[in-house]
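Colleague: Need coordinates for the below:
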Amino acid sequence: MKEIPKNKRYALGWYNEGITLLSIKDYEEANAFFDNALKAIPDHPDFLIGKGDVLLATGKFSDAHHFYQEAINQEPTNFRAWIRSGSTLLRMGKNKEALETFEKARELFEYDGELWLGIGIALLRMDRVKEASEALKKAMRLKPNQPALWYFLSTLEKSDENALKLLIRGNRMDPTNLDILLEMTKRLLHMERQEKAAETLRKAYQVDPDNDLVIRMITHYRTVTGKEPL
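Modeller: Model prediction:
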């Protein structure tokens, strides 16, 4: 962390409280503490990243990206700021810009699993499948405990059975990951395991009953099976 002036070290307490609240998903309170820290030191990169993390978690991707860029402007060697910026660009659908951002992060440090996951996702969305596969495998070696990694690896599998093994691994890490649950449902339906598909789809519905992708999968299940999954 960038050094904090002695007369403003009280701001570190606000920052640490914000981090704690962010970890338990109390976003409103976390945001207030990061704001307090930034009032004390407006240009501190870690405080800017903390604020960006709250905005990212609450779906305000453009605003989050602004704070990550401000952190980069203040500290161009801040690896975490580059990674967060790239991840936010992915959320915004700006895959080429995201890849460029991850490549900048790679110049700082290349042995990071989150970095290679981001690169893999960007390449996959740009239909550079072979390169994406290589990047995701690097992510698997460096940081296998990323649920999203196993989802994206599964999308490269033609075999439903092999894909399901990857998805189950990711699901064990994060049982509420909708991408994983919906991909599991799709693969199970393709394998004609209708009851298991319905069970998985119900779990997705419990996580977010208003999610458009969940609603579409429910409709797809009814079309394919002629049955009601819920």
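Colleague: Can you verify my assumption that D174 contacts I180?
Modeller: Yes. If you go by C-beta atoms under 8 Å, D174 and I180 touch, sitting 7.0 Å apart. All C-beta spots, glycine's among them, are computed from the backbone N, C-alpha and C.
Colleague: got the domain boundaries for this protein?
Modeller: Split into domains by automatic domain parsing, the chain comes to 1-95, 149-230.
Colleague: How many neighbouring residues does V129 have?
Modeller: Number of residues near V129 (other C-beta atoms under 10 Å) recorded here: 12.
Colleague: What residues does the closest residue to it other than its chain neighbours make contact with?
Modeller: Excluding the flanking residues, the one nearest V129 by C-beta to C-beta, 6 or more residues apart in numbering is L156, at 7.1 Å. Going by C-beta atoms under 8 Å, 6 or more residues apart in numbering, L156 touches 124, 129, 132-133, 136.
Colleague: hmm, try it at 10 Å
Modeller: 120, 124, 129-130, 132-133, 136-137, 162-163, 166 (C-beta atoms under 10 Å, 6 or more residues apart in numbering).
Colleague: Low-confidence bits of the protein, can you list those?
Modeller: Within the chain, no stretch has pLDDT under 70.
Colleague: which residues of it fall in helices?
Modeller: Secondary structure of the chain (DSSP state H): helices located at 10-23, 27-40, 45-57, 61-74, 79-91, 95-108, 113-125, 129-142, 147-155, 160-173, 178-190, 194-207, 212-225.
Colleague: Run the chain-centre distance for stretch 11-18.
Modeller: How far stretch 11-18 lies from its chain's middle: 24 Å, per C-alpha atoms, centre = their mean, to the nearest Å.
Colleague: ok, now stretch 214-221?
Modeller: The chain centroid and the centroid of stretch 214-221 are separated by 23 Å under C-alpha atoms, centre = their mean.
Colleague: One more: stretch 124-144?
Modeller: For stretch 124-144, the separation from the chain centroid amounts to 15 Å (computed by C-alpha atoms, centre = their mean).
Colleague: and what of stretch 91-108?
Modeller: The answer for stretch 91-108 is 14 Å, by C-alpha atoms, centre = their mean.
Colleague: Please apply the same query to stretch 190-209.
Modeller: That offset, for stretch 190-209, works out to 22 Å (C-alpha atoms, centre = their mean).
Colleague: cool, stretch 89-105 as well?
Modeller: Using C-alpha atoms, centre = their mean, the offset of stretch 89-105 from its chain centre is 13 Å.
Colleague: same deal with stretch 181-192?
Modeller: The answer for stretch 181-192 is 22 Å, by C-alpha atoms, centre = their mean.
Colleague: go on, stretch 216-230?
Modeller: Its chain's average C-alpha position is 28 Å from that of stretch 216-230, according to C-alpha atoms, centre = their mean.
Colleague: Just the buried residues of that stretch, please?
Modeller: Neighbour counts over stretch 216-230 (16 or more other C-beta atoms under 10 Å) mark 217-218, 220-221, 229 as buried.
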